[in-house]
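In: sequence and predicted structure, then a few things I'm wondering about:
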Amino acid sequence: SLAMMEKALLTKSSQWDYEYEWRIIHQVAGFGPVSFDHNTLTGIIFGAACKQETIDVISATNAGRKNPLKLSKAHADNRHFQLNITPLP
């Protein structure tokens, strides 16, 4: 049901509160790009499975920004059930 899907997408464990993550769901338009003021974006965390080519393209674009974004990458922790996030150079 729609209510169950919303709960799954909008519920977050308190362990991850420090992330200050924003989730945008447009119920009418469905999946796809969302427009927003680009000045409000402060950083990007690339997922653990993100391809290096994607990181390279975004990094090159970021280098040309007036106010570059903070870029980080998630890495699976082999000892614990968690992701470690490290800043990219």
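Out: Thanks, I have it. Numbering: from 1, shown residues only.

In: and the longest strand that the chain contains, C-alpha only, in CSV?
Out: Identified as the longest strand of the chain according to DSSP state E is strand 70-76. Extracted C-alpha coordinates of strand 70-76, given in CSV (Å, rounded to 0.1, in the frame of the first residue of the first chain):
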residue,chain,number,x,y,z
LYS,A,70,32.0,18.6,-0.1
LEU,A,71,32.5,15.3,-1.8
SER,A,72,32.6,12.0,0.1
LYS,A,73,32.4,8.3,-0.6
ALA,A,74,30.8,5.5,1.4
HIS,A,75,32.8,2.3,2.0
ALA,A,76,31.4,-1.0,3.4
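
In: can you tell me the strand partners of it and which way each runs?
Out: Applying DSSP bridges to the sheet, strand 70-76 is found paired with strand 43-46 (parallel), strand 83-87 (antiparallel).

In: what packs against the helix or strand that the shortest one is followed by?
Out: Right, strand 43-46. The element immediately downstream of strand 43-46 (helix or strand, assigned by DSSP states H and E) is helix 52-63. Judged by 3 or more CB pairs under 8 Å, 6 or more residues apart in numbering; DSSP states H and E, helix 52-63 is in contact with strand 43-46, strand 70-76. No exception for glycine: its C-beta is placed from N, CA and C like everyone else's.

In: can I get the ones you listed in TSV with mean pLDDT and distance to Asp56?
Out: Formatted as TSV, the helices and strands packed on helix 52-63 follow (pLDDT from 0 to 100; distance: least, CB to CB, whole Å):
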stretch	mean pLDDT	distance to Asp56
strand 43-46	92	11
strand 70-76	94	11
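
In: indicate which one of these is closest to Asp17.
Out: Closest approach to Asp17 among those is made by strand 43-46 (15.5 Å; CB to CB).

In: quick one on the thing from earlier: TSV for the helices and strands packed on helix 52-63, including distance to Ser13?
Out: As requested, these are exported to TSV (distance: least, CB to CB, whole Å):
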stretch	distance to Ser13
strand 43-46	17
strand 70-76	16
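
In: of those strands, which is nearest Glu6?
Out: Nearest to Glu6, of the helices and strands packed on helix 52-63 and by CB to CB, is strand 43-46 at 23.3 Å.
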